[in-house]
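1. Okay, sequence plus prediction incoming.
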Amino acid sequence: MSEKRLFVRRASGLTRIIGPFAAMVFGVHCISLSSSGLIPYAWCPWLWPGADLVALLTFSMLLCLIHATTYAQIGSVYPRSGADYILGSRLINP
């Protein structure tokens with residue numbers, strides 16, 4: 001009789017070499033620098049004349065850091081599955 005295994009398939013041999021902090025830095029870089037970097041400078045003065053752009057960007061940065069930290073922690077806990085899969089199928093399951 002064969003012994004019971006914990007996983008159905010054999011491990012691929014890939015190991016995690018990135019930690020939670022590096023994952024958070026990567027997430028912040030991908031989210032805020034490339035996609036949102038130009039939008040505040042181009043749209044905010046037009047949409048809200050007289051708005052404090054520095055305060056708006058500081059507040060937005062804090063929200064992005066919270067999001068990136070949470071995403072990095074989920075991705076670090078489940079490195080083989082990935083944070084997107086775990087978030088969609090395990091944590092927010094109906």
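-> Noted; the coordinates are in hand. Numbering: from 1, shown residues only.
2. Tell me the predicted confidence for I39.
-> Per-residue pLDDT puts I39 at 68.
3. Can I get stretch 41-56 in CSV? Just the C-alpha atoms.
-> Extracted C-alpha coordinates of stretch 41-56, given in CSV (Å, rounded to 0.1, in the frame of the first residue of the first chain):
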residue,chain,number,x,y,z
TYR,A,41,0.1,66.2,-11.8
ALA,A,42,-2.1,66.3,-15.0
TRP,A,43,-5.6,65.8,-13.7
CYS,A,44,-5.8,67.2,-10.1
PRO,A,45,-5.3,70.9,-10.9
TRP,A,46,-7.9,70.5,-13.7
LEU,A,47,-10.5,68.6,-11.6
TRP,A,48,-10.0,70.4,-8.3
PRO,A,49,-8.5,73.9,-8.8
GLY,A,50,-6.7,75.1,-5.7
ALA,A,51,-6.3,71.6,-4.2
ASP,A,52,-3.2,70.9,-2.2
LEU,A,53,-1.3,68.4,-4.4
VAL,A,54,1.3,67.5,-1.8
ALA,A,55,-1.3,66.6,0.8
LEU,A,56,-3.3,64.6,-1.7
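4. For V25, what is the enclosing helix or strand?
-> helix 20-28 (DSSP states H and E).
5. Next, the buried residues of that helix.
-> Within helix 20-28, the residues that count as buried by 16 or more other Cβ atoms under 10 Å are 23-24, 27-28. All C-beta spots, glycine's among them, are computed from the backbone N, C-alpha and C.
6. How is the closest residue to A51 other than its chain neighbours assigned, secondary-structure-wise?
-> Nearest non-adjacent residue to A51, counting by Cβ to Cβ, 6 or more residues apart in numbering: C44, 5.7 Å away. Classification of C44 using DSSP: H, G, I helix; E, B strand; the rest coil returns helix.
7. Wait, C44 touches L56, no?
-> Yes: contact criterion Cβ atoms under 8 Å: C44 and L56 qualify, at 6.3 Å.
8. Please report how far F59 lies from L53.
-> 11 Å (Cβ to Cβ, to the nearest Å).
9. How about I66?
-> Distance from I66 to L53, by Cβ to Cβ: 21 Å.
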